[in-house]
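Chemist: Next comes the sequence, and after it the predicted model I'd like to discuss.
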Amino acid sequence: MKFVGLVLRNLWRSKLRTGLTILSTTVALFLFVMLRTLVTSLDASVDVADASRLVVRRSTSLIFPLPLSYKDRLAAVEGVTGVTWMNWFGAVYPADERGFFAQFAVDHETFFDLYPELLLTPEELAAFKNERTACIVGEKLARRYNWKPGTDVTLRGTIYPGDWTFTIRGIYRARTPEVDATTMYFQWKGFDERMAAEDQGGQVGVYVIRLADANQSAQTAQRIDALFANSSAETRTETEKAFQLGFVTMMGNVRGAVRILCIFVLSGFLLVAINTMMMAARERTREIAVLKTLGFPDALILKLVLAESSLLGLLGGLIGCFGGAFVLGGLSASGNAMFATFVVRADTVWIGILIALGMGLVSGLIPAIGAARLRVVDALRQA
């Protein structure tokens, strides 16, 4: 208890300095949690991709559609056990024009069969299938706008002009936290009927196919692309993971930039902590000399200083990491996060705490060695 008492007494000797040091550590680790969560969120859509699903799109560009007639030929390809399709809608919600959420027109009969990670009750699915203007929304999206089943939602089209009104018939839940729960899905059939009136019907944005054997994805992709080679709408088939990764890479090397930013943030904290501990050790030169005179060995003096710096780092790390997890977790639950899959992972919190503890040890190492090596005569002379 004497050792712990000495550490705590020294720690709270200068309450303002200790408080500011803990605060700087807290801010640094909060930023670390936020930045690392940004990286893991970017990777989440790729990580949760189903290896048994392939995405078929136009070979020239994603913005060009494919004919609906391809669906039967895709279903007949060896190894294919399911086919569905969807169109990106890209409309604006007039009640919150700056608030973005994805919308897709999907085949109501097959889409949710191929995406079992989107959980619906049988009643919700039946209601969605039985109404042309029905839609399904994610639980986070519904929470953001306080939507309930039966709510009418009107969107203003951008790619497809005009006002489009849909009635919510179900709210899907995500099987795991990494699955997007901020998307709206509505019936492709009703969408196509309206587009057909403008001579733009029968067009599919992308097809999604399910394979019996995920290990045959490369061979199946080659067979599909060969099937439509030299046609007016050639295809490019890739795994769902590769398809999602294409969107992530469009943002550039964000992950590399974030990691560099993390290094700068933590390095700044380390320099501040080292300076603080050196000042604290310098102020206690006389006390260190007295302790040595009383018989405290050099090793114990070193442990006292290291324990103090480690405790400072640990306190700031605990507050910063768990505080960051709480704040960002609340933001994610509200549906207002910067990414649909913005989830703080447990390993991010524990890595942050270990970093804080390690930096506390490093920041105290120089002053601890200096205090341990300090000669009593030199200490009394300096004091």
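Modeler: The structure has been received and is ready for your questions. Residues are numbered from 1 along each chain as shown.
Chemist: For the stretch 201-350 of the chain, which segments count as helices?
Modeler: 217-227, 240-249, 254-283, 285-293, 298-334, 346-373 (DSSP state H, counting those that start in this stretch).
Chemist: Quick check: Cys262 touching Phe32?
Modeler: Yes. In this structure, Cys262 sits in contact with Phe32. The criterion is Cβ atoms under 8 Å, and the distance is 5.8 Å. Where you see a C-beta, it was placed from the backbone N, CA and C, and this is true even at glycine.
Chemist: Have a look at the two and say which one is more surrounded.
Modeler: More neighbours sit around Phe32 than around the other of Cys262 and Phe32, counting by other Cβ atoms under 10 Å; the figures are 24 against 19.
Chemist: Could you tell me the least trusted of the helices of the stretch 201-350 of the chain?
Modeler: Per-stretch averages of pLDDT across these put helix 285-293 at the bottom, with a mean of 64.
Chemist: So for Trp88, what's the pLDDT?
Modeler: Spelled out, the predicted local distance difference test score at Trp88 is 93.
Chemist: can you pull the contacts of it?
Modeler: Under the criterion of Cβ atoms under 8 Å, 6 or more residues apart in numbering, the contact partners of Trp88 comprise 102-104, 159, 205.
Chemist: Could you pick out the buried ones from the residues you listed?
Modeler: Burial by neighbour count, 16 or more other Cβ atoms under 10 Å: within those this picks out 103-104, 205.
Chemist: Go through the contacts of Trp88 and say which is closest to Ile353.
Modeler: Within these, the smallest distance to Ile353 is 34.6 Å, found for Ala102 (Cβ to Cβ).
Chemist: Which residue lies closest in space to that closest one, excluding its sequence neighbours?
Modeler: If you skip the residues right next to it in sequence, Ala102 has Thr183 as its closest partner in space, 4.6 Å away by Cβ to Cβ, 6 or more residues apart in numbering.
Chemist: any idea how far that neighbour is from Gly90?
Modeler: Noted for Thr183: a distance of 12 Å to Gly90, by Cβ to Cβ, to the nearest Å.
Chemist: Can you work out which residues contact both of the two?
Modeler: If you check Thr183 and Gly90 against Cβ under 8 Å, 6+ apart, the residues they both contact are Gln103.
Chemist: okay, those two: which has more neighbours?
Modeler: Thr183 (18 against 14).
Chemist: who are the neighbours in contact with that one?
Modeler: Neighbour list for Thr183: 101-104, 137-138, 141, 340 [criterion: Cβ under 8 Å, 6+ apart].
Chemist: And those, which is closest to Arg210?
Modeler: Ranking these by separation from Arg210, with Cβ to Cβ as the measure, puts Phe104 on top at 17.3 Å.
Chemist: Alpha carbons only: can I get the helix or strand hosting Arg194 in PDB?
Modeler: With secondary structure defined by DSSP states H and E, Arg194 is part of helix 188-196. Extracted as PDB, the C-alpha positions of helix 188-196 are listed here (Å, rounded to 0.1, in the frame of the first residue of the first chain):
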ATOM      1  CA  TRP A 188     -38.900  -3.000 -59.100                       C
ATOM      2  CA  LYS A 189     -42.100  -4.100 -60.800                       C
ATOM      3  CA  GLY A 190     -43.900  -0.900 -59.900                       C
ATOM      4  CA  PHE A 191     -40.800   1.200 -60.800                       C
ATOM      5  CA  ASP A 192     -40.600  -0.600 -64.200                       C
ATOM      6  CA  GLU A 193     -44.200   0.000 -65.000                       C
ATOM      7  CA  ARG A 194     -43.800   3.700 -64.500                       C
ATOM      8  CA  MET A 195     -40.600   3.700 -66.600                       C
ATOM      9  CA  ALA A 196     -42.300   1.700 -69.300                       C
END
